[in-house]
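> Structure for this input, please:
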Amino acid sequence: MEISDLTPAERRVWEAFPRGDGVDFRARPEDSSVDGADWGPERTVRADVLRALLLGARPPEEGRVAGLKVKGARIVGKLDLRYAVVDHPIRLRDCWFERKPLLYGAQLRALVLGYSTLPGMTAGNLRVDVVVRMSCCRITGPVRMAGARISGGLFLQGAVIGPSAGEEEHEPPLQLNHVEIGTDIIANDLTVHGQLRLNGAVVAGQVSLDRARLLTPGGIALHAETLTVGTDLRAARLEAQGMINLTGSRIPGQLHFSRASFANPDGVALRASSCVVGEMWLRGCDRIQGVVNLRRSQFDLLHMPSQTWPGRIRIDGLTYRTLAPHLRAEERLPALEREESGYLPYAYEQLAASYRTAGDEAGARTVLLAKLRRHRRTLPRHARLWGLLQDTTVGYGFRPLRAAGWLLALLLTGSIAYGTHPPRALKAGEAPDFNPVFYTIDLMLPIVGFGQESAFAPSGGYQWLSYLLIVTGWILATTTAAGVSRSLQRQ
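Next comes the predicted model:
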């Protein structure tokens, strides 16, 4: 390309490139690239001119680092760098692009497009040595970066991507599947009108989506199956319309959803099944609208207030060491009733184990008692009677003081009845002195003998009372023994 072919605006860029100097076409610092379609020729640069510079049309000046550094330009035509090897940094801030840049398979030093407006970008299998910055960009078409490798970080703070139109309407607006990021993905305040795809991505540092808005009503807002993160995935105050899918992800630090909102009422709102996560935080979240699926996942800490659980959950195989905040067991138990598969014994055992870990043995006993009661509801009607009897009398062994209460009430009843109307002696002159208290104990406790029961015989209604005391005593003794045996087996 001859220099005589350049417009005055292009000449400024041409002259500045070998020295790495910046060219600022903005009339005011607050100019917005959203208005770039109306900018005149004094701010217009052809994409072919930029391509020629990046591919070596002008060598760097001695002692200087050449680079493309432009602000506020209207870039027309197609910036086609497919498979190109570019040794110079590309910095095109506050620019308006007529057509989407083509960077498929390119190898770049650095790419900075902050505050620019683009109709999309094709950058699959892109290689970048330093960083990619697209902060506060306005992008109306899909950003295709599948398979990209960035040695530094990817920055998308404040960017707005989508919605796509035309033939690209059903394509995910932000495609980062299988990317490899050397440090972090920072996307705070990001807005995506459609799906953010991160399937199979590997991020050495953290993924930050604080205050992001992922808007795919009825669809998948975040598709991040088998995502691998070096530290944390932060999404505090996230607004998700559609499903958050983290199936099979590995997050050794925090999965931080504090004060986030999840809305997918007709389907799954949060799917984090088969995940291995250090800490999962759902502190301060409103009740999740949609199903929560945590099947087969492992958490060291699961921070989820009871009011956050939705009406339907899937927790088969869920494992956690600590459950926070620490609440009374009665506040946690209703969530286990919402399991779509029905009664899951393991879910109760896991909850009881978390209470033991916290040193709350009373809470653990309450959970295990609830488990047995829930199990009783799964039995045939005729088989529930024995369990109901054990529950009423001794709480399946978890409420042993109930047996003492029943025994005390029966002892009081028998002592008053037989003290008021003593039974007749079977052998006059040979019977010991009658004692209504020990006579009642003789009737109720089959393994205790004070010689009272064999020496006296009640009659009439008092004889029926003795039968009741004998039968009740046997039942209490049997259920107490069964409860104690079950308790010892648990220990």
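> tell me which residues of stretch 24-34 are tucked away?
By 16 or more other Cβ atoms under 10 Å, the buried positions in stretch 24-34 come out as 25-26, 31, 33. For glycine as for every other residue, the C-beta is placed from the backbone atoms N, C-alpha and C.
> Also stretch 165-182?
Across stretch 165-182, burial judged by 16+ other Cβ under 10 Å covers 168, 171-182.
> wait, Ala269 sits on Ala240?
Yes: contact status for Ala269 versus Ala240: in contact at 7.5 Å, counting by Cβ atoms under 8 Å.
> helices and strands around the helix or strand hosting Leu222, which ones?
Here Leu222 is covered by strand 213-223, with elements defined by DSSP states H and E. Counting by 3 or more Cβ pairs under 8 Å, 6 or more residues apart in numbering; DSSP states H and E, the packing neighbours recorded for strand 213-223 are strand 191-192, strand 196-197, strand 239-245, strand 261-271.
> Validate this expectation: Thr366 resides in a helix.
Yes: the assignment for Thr366 by DSSP: H, G, I helix; E, B strand; the rest coil puts it in a helix.
> Report how many residues lie close to Lys100.
20 (other Cβ atoms under 10 Å).
> repeat for the one 10 residues further on
The burial count assigned to Ala110 is 19, neighbours taken as other Cβ under 10 Å.
> what's the answer for the one 4 residues further on, then?
The number of residues packed near Gly114 is 20, by other Cβ under 10 Å.
> would you put the C-alpha positions of stretch 452-463 in CSV?
Listed next in CSV are the C-alpha coordinates belonging to stretch 452-463 (Å, rounded to 0.1, in the frame of the first residue of the first chain):
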residue,chain,number,x,y,z
GLN,A,452,-46.5,-58.4,95.7
GLU,A,453,-48.0,-59.6,92.4
SER,A,454,-48.0,-63.3,93.5
ALA,A,455,-49.5,-62.6,96.9
PHE,A,456,-52.5,-60.4,95.9
ALA,A,457,-55.3,-60.7,93.3
PRO,A,458,-57.4,-57.7,92.3
SER,A,459,-61.0,-58.2,91.1
GLY,A,460,-63.4,-56.4,88.8
GLY,A,461,-62.2,-53.4,87.0
TYR,A,462,-59.0,-53.4,89.0
GLN,A,463,-58.1,-56.8,87.5
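> now what about that stretch, what contacts it?
417-418, 421-427, 430-432, 434-435, 438-439, 441-443, 465-466 (Cβ atoms under 8 Å, 6 or more residues apart in numbering).
> In the chain, where is pLDDT below threshold?
Applying pLDDT under 70 to the chain flags residues 1-4, 386-387, 389-404, 429, 446-448, 477-491.
> For it, which segments count as helices?
8-16, 47-54, 329-336, 345-357, 361-376, 384-394, 401-420, 436-444, 461-490 (DSSP state H).
> orientation of the fourth one relative to helix 329-336 in degrees?
Read that as helix 345-357. Angle of helix 345-357 versus helix 329-336, following axes from the mean of the first three to the mean of the last three Cα atoms, to 10 degrees, is 150 degrees.
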